[in-house]
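Peer 1: Let me see the structure of the following:
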Amino acid sequence: MLVLRRGTVLHADPPEGTQQAFTVEIEGRERRAFGDVALHGETAAGDDVVVNTQAVDLALGSGGADVLHVNLTRGLGRSGVPGAHVMKLNYTSLQHAVLPVEGEDLHVPLGRPAAVFGLHGQLAPIAWAFSRTASGGRLGYVQTAGGALPGGHSRVVARMLDEGLLAGHLTAAPAFGGQGEAITTAGALQHGLHDLGWDAAVVGPGPGILGSGSALGHGGLIALDSAHTGLALGCRVVLCARMSSGDPRPRHQGLSHHTATVLRLLLAPVEVALPVGPARTPDADGVLPVARVTGLGHTVTELDADLDGYRASGLPARTMGRSIDEDAPFFAAALACGAALAARITP
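Peer 2: Sure thing, here's the model as predicted:
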């Protein structure tokens with residue numbers, strides 16, 4: 001059941017990319033909210049709006065603000081993208097037509113590497129390490145399901161595009177709002193690696209992972225689908241390990257159960273890059289990550305991770321409220337993945 005409330009906008013910030021924050025008064029209370037300009041257009045003070053308040057009401061980690069559902073003042077009577085006829089968010093009240101990037105031909109094997117991750121916080125260190133190892137290499141990002149669906153919701157993606165750490169951004173399947181829209185992850189990978197000429201791709205969800213604490217009910221499991229898709233298209237797949245020494249939950253200590261589950265269920269071997277020092281952090285069963293990965297039939301590449309260099313880059317260095325110094329293995333594993341991905345580029 002949708003939890004919707006009607007209110008009046010008191011103040012609207014200027015849009016940042018396709019995202020715009022504003023303050024709305026609902027039943028005498030001021031609440032922060034945001035909207036997607038590409039979907040709803042800009043919001044202004046005095047607008048009569050309907051917002052979805054459920055995430056904030058439930059105090060979810062991803063629920064820092066309400067989400068605009070419709071702007072009753074200026075959101076009615078708009079037209080869609082000319083010529084578009086493929087729906088995203090189809091069969092919901094937010095369905096909208098896009099121009100998909102997929103062409104008629106299949107080009108396999110793609111023969112280029114793809115890094116797969118399960119948590120958005122891994123994207124920046126992967127891309128940064130890739131850029132340091134493969135100077136001039138073109139790395140593109142395919143955003144999947146598993147986290148936030150709007151492509152404009154991640155400020156770090158916009159920053160990395162501006163700074164050249166990412167050569168492009170495609171939103172696949174239910175994700176929307178990237179530089180290009182793909183109906184499937186396979187379509188996005190082929191378009192990026194074949195049509196756009198990316199040297200490598202990094203594939204994973206937007207910010208705000210879904211999770212239930214169960215073995216299979218979390219957004220990180222999208223890595224299983226992404227890895228299979230990459231393998232089927234002939235990509236060399238490097239899986240980014242989720243690691244931690246600072247997470248108080250035993251299931252995420254050492255090699256997280258998220259990564260271990262994906263490795264256990266994969267139908268073919270992949271490469272997992274592990275950082276040399278943090279690779280000695282055991283999981284809740286006392287098993288070291290190297291032993292866990294190889295025991296599940298996958299290959300390990302151990303690499304040094306430049307934590308000091310990444311810390312100095314100014315890119316996001318916190319995960320789940322913990323700093324890079326409080327949870328070094330998380331960032332070191334992603335840095336190792338980016339370096340391994342770069343090493344798989346063929347001239």
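Peer 1: show me where the stretch 101-250 of the chain has helices.
Peer 2: Taking DSSP state H, counting those that start in this stretch as the test, the helices found in the stretch 101-250 of the chain are 123-133, 155-163, 185-190, 222-232.
Peer 1: Which one of those lies nearest to Met243?
Peer 2: Nearest of these to Met243, taken as CB to CB: helix 123-133 at 11.9 Å. Every C-beta, even on glycine, is put in place using the N, C-alpha and C of the backbone.
Peer 1: After the strand or helix carrying Glu30, which helix or strand is next?
Peer 2: Secondary structure assigned from DSSP states H and E places Glu30 in strand 29-36. From strand 29-36 onward toward the C-terminus, using DSSP H and E, the following helix or strand is helix 37-40.
Peer 1: and the helices of the stretch 101-250 of the chain as a markdown table, adding distance to Pro100, mean pLDDT and mean neighbour count?
Peer 2: Output for the helices of the stretch 101-250 of the chain, formatted as a markdown table (distance: least, CB to CB, whole Å; pLDDT from 0 to 100; neighbours: other CB atoms under 10 Å):
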| stretch | distance to Pro100 | mean pLDDT | mean neighbour count |
| --- | --- | --- | --- |
| helix 123-133 | 23 | 97 | 25 |
| helix 155-163 | 20 | 95 | 17 |
| helix 185-190 | 7 | 98 | 26 |
| helix 222-232 | 16 | 98 | 23 |
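Peer 1: any chance you could map the strands in the stretch 201-347 of the chain?
Peer 2: Here the stretch 201-347 of the chain has its strands, by DSSP state E, counting those that start in this stretch, at 237-240, 243-244, 254-255, 271-275, 299-303, 318-319, 322-323.
Peer 1: Minimum distance to Ser313: which of the helices of the stretch 101-250 of the chain has it?
Peer 2: Ser313 sits nearest to helix 123-133 of all those, at 5.7 Å, using CB to CB.
Peer 1: What angle do strand 299-303 and that closest one make with each other?
Peer 2: 70 degrees (axes from the mean of the first three to the mean of the last three CA atoms, to 10 degrees).
Peer 1: how far does helix 123-133 sit from the chain's center?
Peer 2: Taking CA atoms, centre = their mean, to the nearest Å, one finds helix 123-133 lying 15 Å from the centre of the chain it belongs to.
Peer 1: And it, what does it pack against?
Peer 2: With contacts taken as 3 or more CB pairs under 8 Å, 6 or more residues apart in numbering; DSSP states H and E, helix 123-133 sits against strand 139-144, helix 155-163, strand 200-205, helix 307-313, helix 328-343.
Peer 1: about what we covered before: mean confidence for the strand holding Glu30?
Peer 2: When pLDDT is averaged over strand 29-36, the result is 95.
Peer 1: Residues contacting that strand, please?
Peer 2: 7, 10, 18-25, 43, 49, 51, 53, 56, 64-68, 71, 150, 152-153, 177 (CB atoms under 8 Å, 6 or more residues apart in numbering).
Peer 1: Only the buried subset of those, as a PyMOL command please.
Peer 2: Restricted to buried positions by 16 or more other CB atoms under 10 Å, the PyMOL selection for the contacts of strand 29-36 reads:
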select buried, resi 7+18+19+20+21+22+23+24+43+49+51+53+56+65+66+67+68+71+150+152+153+177
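Peer 1: Go through the contacts of strand 29-36 and flag which are in helices.
Peer 2: Counted as lying in helices by DSSP state H, out of these, are Val56.
Peer 1: Among the contacts of strand 29-36, name the ones in strands.
Peer 2: In strands, defined here by DSSP state E, the members of these are 7, 10, 19-25, 49, 51, 66-68, 71.
Peer 1: Could you identify the most distant pair in the residues you listed?
Peer 2: So, those by CB to CB: farthest apart are Gln19 and Glu25, at 20.8 Å.
Peer 1: Looks like Gln143 contacts Ala172 (just checking).
Peer 2: Yes - counting by CB atoms under 8 Å, Gln143 does reach Ala172; the two are 6.5 Å apart.
Peer 1: Looking only at neighbour counts, state which of these two leads.
Peer 2: Neighbour count, other CB atoms under 10 Å: between Gln143 and Ala172, Gln143 has more, with 32 against 28.
Peer 1: How about the contacts made by the more buried one?
Peer 2: Contact analysis of Gln143 by CB under 8 Å, 6+ apart lists 151, 157, 169-172, 175, 178, 204-206.
Peer 1: Return the closest of those with respect to Gly286.
Peer 2: For these, the nearest to Gly286 is Gly204 (28.8 Å; CB to CB).
Peer 1: and Asp195, what does it touch?
Peer 2: Neighbouring residues of Asp195 by CB under 8 Å, 6+ apart: 101, 103.
Peer 1: pLDDT at it, what is it?
Peer 2: 97.
Peer 1: Ala279 too?
Peer 2: At Ala279, pLDDT is 62.
Peer 1: same deal with Val237?
Peer 2: 98.
Peer 1: and it, bridged to which residues?
Peer 2: Val237 has these beta-bridge partners by DSSP bridges: Ala114.
Peer 1: Repeat that for Pro100.
Peer 2: Residues in beta-bridge contact with Pro100 (DSSP bridges): Glu181.
Peer 1: I figured it hits Val86, correct?
Peer 2: Yes - under the criterion of CB under 8 Å, Pro100 makes contact with Val86 at 4.9 Å.
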